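Novice: Can you look at this prediction? I've put the sequence above it.
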Amino acid sequence: MQWMILILILLAAVALIALGFAAGLFCYAFGASRRSVDKVFRDRERDPAPTVRMRFITRDYMNALPHDTLFLTAPDGPKLSARFFPNGKTKRVAVILHGWHSRPWWDFGKSFDLVYDAGFAVLAVDQRAQGDSEGRCLTYGVKESEDLLRWIDLLLTRYGEDLSIAIMGVSMGAATVLCATGKELPKQVKCAVSDCSFTSAAEEFIVTSKGGFRLIQPLAALLVRVFARIRLKDASPLEAVKRSKTPTLFVHGDADDFVPYAMMNSLYDACAAPEKERWTSPGAVHAEAAMHNPDAYAAHVIPWLNRHL
């Protein structure tokens, strides 16, 4: 009898540890953390690294440009925010989506400059639960891709249905873009650019936890279902691109060890779009394809946009 009690105590302890680990992972990976992210950016302002300086130069460049601040309210409640940067009289618009716990100016850095200076207007979106957008949870492209559809509708309503639109994302923003390509998009959306997207949130968690996520995946999926109100399996750009009809350019740095470079090839191979291309940024780590090789980025991405918009 004593052995049975000890075993039950041991099992209970293991269950509590697993629950604590899963809860900690959920709060870290899915929870809004605007204050801590803002502090990280403030601390990085003193970082002399060239790729960091590029990001802050882009922040200041964006802040100095004429722009409209736009808002919409998602059906589940959060008020979302974005900035629209007109560019002369152009009707060609790039909608850009940043990644996990980030901001448009940080993740796009040099690529914003390259796209805007090439003559495109830009809608820079603060994804839900980040930046100036409300929300309690990130959802790794599930609800964000629905938000993206609403941003596109708002653009068409406010600036005219004769717009020609590209959707562009970095990291989790790229996952949002790819999840959107698995849906019915307005005819004005002509192409997509995915920069270092993961194949699925679950696979990304396995990578970043060095495999440990597999041990708690069912429990984590339950927490995601209850608190983020999504199914973890739906956070899968890999499944979405199998339904895509949107011409898509895949970009990735081959030194990326956060979202492994191999994930780009998996996404590319699975993509059902009638036109697709891929470009590798040599030596670039995660989310630095444009900043590491700006001329090569411009040589691949700008012609892609010009061809479709």
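Specialist: Cool, the structure landed.
Novice: any idea how far residue 118 lies from residue 288?
Specialist: To residue 288, residue 118 is 20 Å away according to C-beta to C-beta, to the nearest Å. (Glycine included, C-beta is placed from N, CA and C.)
Novice: higher neighbour count, the two?
Specialist: residue 288 (24 against 16; other C-beta atoms under 10 Å).
Novice: buried ones in the helix or strand where residue 157 lies?
Specialist: Using DSSP states H and E, residue 157 sits in helix 142-159. Under the neighbour-count criterion of 16 or more other C-beta atoms under 10 Å, helix 142-159 has 142-149, 151-152, 154-156, 159 buried.
Novice: Can you give me the neighbour number for residue 195?
Specialist: 33.
Novice: now swap in residue 184 and tell me
Specialist: 9.
Novice: what's the answer for the one 4 residues further on, then?
Specialist: Summarising burial for residue 188: neighbours were counted as other C-beta under 10 Å, giving 17.
Novice: That one touches residue 156, doesn't it?
Specialist: Yes: at 6.3 Å, residue 188 and residue 156 qualify as touching, with contact defined as C-beta atoms under 8 Å.
Novice: joint contacts of those two?
Specialist: Overlap of the contact sets of residue 188 and residue 156 (by C-beta atoms under 8 Å, 6 or more residues apart in numbering) consists of residue 163.
Novice: where's residue 214, which helix or strand?
Specialist: Per DSSP H and E: helix 213-223 holds residue 214.
Novice: In that helix, which residues are buried?
Specialist: Buried residues in helix 213-223 (16+ other C-beta under 10 Å): 213, 216, 219-221, 223.
Novice: In CSV, list those along with pLDDT.
Specialist: Formatted as CSV, the buried residues of helix 213-223 follow (pLDDT from 0 to 100):
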residue, pLDDT
213, 79
216, 76
219, 80
220, 81
221, 85
223, 81
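Novice: quick one: which two of these are the most distant?
Specialist: Distance extremes for the buried residues of helix 213-223: the farthest pair is 213 and 223 at 12.5 Å, using C-beta to C-beta.
Novice: rewinding a little: how far out from the middle of the chain is the helix holding residue 157?
Specialist: Centroid displacement of helix 142-159 relative to its chain, using C-alpha atoms, centre = their mean, to the nearest Å, is 15 Å.
Novice: what packs against the helix holding residue 214?
Specialist: Taking 3 or more C-beta pairs under 8 Å, 6 or more residues apart in numbering; DSSP states H and E as contact, the helices and strands that helix 213-223 lies on are helix 2-30, helix 201-208.
Novice: between those, which has the poorest average model confidence?
Specialist: Mean pLDDT per stretch puts helix 2-30 lowest among these, at a mean of 60.
Novice: Moving C-terminal from that helix, which element do we reach first?
Specialist: In N-to-C order, the element after helix 2-30 by DSSP H and E is helix 34-44.
Novice: That next one: how far from the chain's middle?
Specialist: 19 Å.
Novice: got it, and stretch 292-299?
Specialist: 20 Å.
Novice: Now do the buried residues in that stretch.
Specialist: Under 16+ other C-beta under 10 Å, the buried positions of stretch 292-299 are 292-294, 296-298.
Novice: what's the closest non-adjacent residue to residue 260?
Specialist: Using C-beta to C-beta, 6 or more residues apart in numbering and skipping the chain neighbours, the partner closest in space to residue 260 is residue 207 (6.1 Å).
Novice: circling back to that earlier point, check which helices and strands the helix holding residue 157 sits against.
Specialist: Checking 3+ C-beta pairs under 8 Å, 6+ apart, helix 142-159 ends up next to strand 68-73, strand 79-85, strand 92-97, strand 121-126, strand 164-170, helix 172-181.
Novice: Now with 10 Å, please.
Specialist: Secondary-structure packing of helix 142-159 (3 or more C-beta pairs under 10 Å, 6 or more residues apart in numbering; DSSP states H and E): strand 68-73, strand 79-85, strand 92-97, strand 121-126, strand 164-170, helix 172-181, strand 189-195, helix 237-241.
Novice: which residues are contacting the shortest one?
Specialist: Right, helix 237-241. By C-beta atoms under 10 Å, 6 or more residues apart in numbering, the residues outside helix 237-241 that reach it are 140-142, 145, 169, 172, 174-183, 192, 194, 197-201, 203, 233-234, 244, 248, 250, 263, 266-273, 276.
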